[in-house]
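Engineer: Could you work out the structure for the sequence below:
(chains A and B)
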Amino acid sequence: GDSVTQMEGPVTLSEEAFLTINCTYTATGYPSLFWYVQYPGEGLQLLLKATKADDKGSNKGFEATYRKETTSFHLEKGSVQVSDSAVYFCALSAPNTGNQFYFGTGTSLTVIP
Amino acid sequence: KAGVTQTPRYLIKTRGQQVTLSCSPISGHRSVSWYQQTPGQGLQFLFEYFSETQRNKGNFPGRFSGRQFSNSRSEMNVSTLELGDSALYLCASSEGLGVVPDTQYFGPGTRLTVL
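Structural biologist: This is a model prediction of the structure:
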């Protein structure tokens, strides 16, 4: 079945460090891929998405490229800030599945000044 | 546009009771999905409703049910509560149209504690 495997956390970085959170997926067909972020006490917010191979999603300095050959969608940011501290979820949704999303286990990021 | 709203934000119940959670989607969105989030299992899909019909269902027991009204608002019901039902219940809405999966927009969640 469809699934997402996400890098285990927690991750602790110093401000301005480079961030990579790995995400790989298993799916039949051609899913859409998403990164969501959850701040403490809040619901999930869409960070970025990509709907087909080689698409790059970007938002707020974060980027992820849909790599079909490696079935990956790694999240990157060149210089993290304290305000980026949150839990990040990779997710996929396949066409014709009634909008069902499969989420990774989440990666907690803490950025220290 | 107003975002997805969920009520109540917090609930405390005892084992054996039942509970109803409510979700109001973004205006114009016809699809509402429900997820259970726990530290051990992460985010798990419960079900999705589109135009008042359940379109998809996850692997949860029949104690978990839902419905959607003509204005797209949705309710989720859990009967005969168990301690393991303690979780954050998230509602997400999307336009729900087309073949390509929509972006889902999440509400803040309802924190259910079962004692």
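
Engineer: interface residues of chain A facing chain B?
Structural biologist: Residues of chain A lying close to chain B by C-beta under 8 Å from any C-beta of the partner chain are A:31-32, A:34, A:36, A:41-46, A:49, A:51, A:89, A:93-106. (C-beta placed from N, C-alpha, C; glycine too.)

Engineer: how about 6 Å then?
Structural biologist: A:32, A:42-44, A:46, A:51, A:93, A:95, A:98-100, A:103, A:105 (C-beta under 6 Å from any C-beta of the partner chain).

Engineer: Report the separation between the residue sitting nearest the centre point of chain B and chain A.
Structural biologist: Against the mean C-alpha coordinate of chain B, by C-alpha atoms, centre = their mean, the closest residue is B:Trp34 at 2.9 Å. Per C-beta to the nearest C-beta, to the nearest Å, B:Trp34 is found 11 Å from chain A.

Engineer: Just say helix, strand or coil for that residue.
Structural biologist: strand (DSSP: H, G, I helix; E, B strand; the rest coil).

Engineer: What pLDDT does the model give the nearest residue to it once chain neighbours are set aside?
Structural biologist: Take B:Trp34 and drop its neighbours on the chain: the residue closest to it by C-beta to C-beta, 6 or more residues apart in numbering or on different chains is B:Leu46, 4.1 Å away. On pLDDT, B:Leu46 comes in at 95.

Engineer: Check the burial of B:Leu46 by counting its neighbours.
Structural biologist: 21 (other C-beta atoms under 10 Å in any protein chain shown).

Engineer: and residue 87, bridged to which residues?
Structural biologist: This is for chain A. A:Gln38, A:Ser108 (DSSP bridges).

Engineer: try again with chain B
Structural biologist: B:Leu112.

Engineer: OK, contacts around it?
Structural biologist: B:Ala87 makes contact with B:36-38, according to C-beta atoms under 6 Å, 6 or more residues apart in numbering or on different chains.

Engineer: that older thread, mind giving me the packing neighbours of the helix or strand where the residue nearest to B:Trp34 lies?
Structural biologist: Using DSSP states H and E, B:Leu46 maps to strand B:42-50. Strand B:42-50 sits against strand B:31-38, strand B:53-57, strand B:64-68, with contacts defined as 3 or more C-beta pairs under 6 Å, 6 or more residues apart in numbering or on different chains; DSSP states H and E.

Engineer: Show me what counts as buried in the longest one.
Structural biologist: Neighbour-count burial for strand B:31-38 flags B:31-37 (criterion: 16 or more other C-beta atoms under 10 Å in any protein chain shown).

Engineer: And the second one, by the same measure?
Structural biologist: Of the residues in strand B:53-57, those buried under the neighbour-count criterion (16+ other C-beta under 10 Å) are B:55-56.

Engineer: can you give me the strands in chain A?
Structural biologist: A:3-6, A:11-14, A:19-21, A:23-26, A:32-38, A:44-50, A:56-59, A:62-65, A:75-77, A:86-93, A:102-103, A:107-112 (DSSP state E).

Engineer: so how far is A:Ser108 from A:Glu16?
Structural biologist: 19 Å (C-beta to C-beta, to the nearest Å).

Engineer: Look at those two and report which has more neighbours.
Structural biologist: Per other C-beta under 10 Å, whichever of A:Glu16 and A:Ser108 has more neighbours is A:Ser108, with 14 against 11.

Engineer: Now do the contacts for the more buried one.
Structural biologist: Going by C-beta under 6 Å, 6+ apart, the list of residues near A:Ser108 reads A:9-10, A:87.
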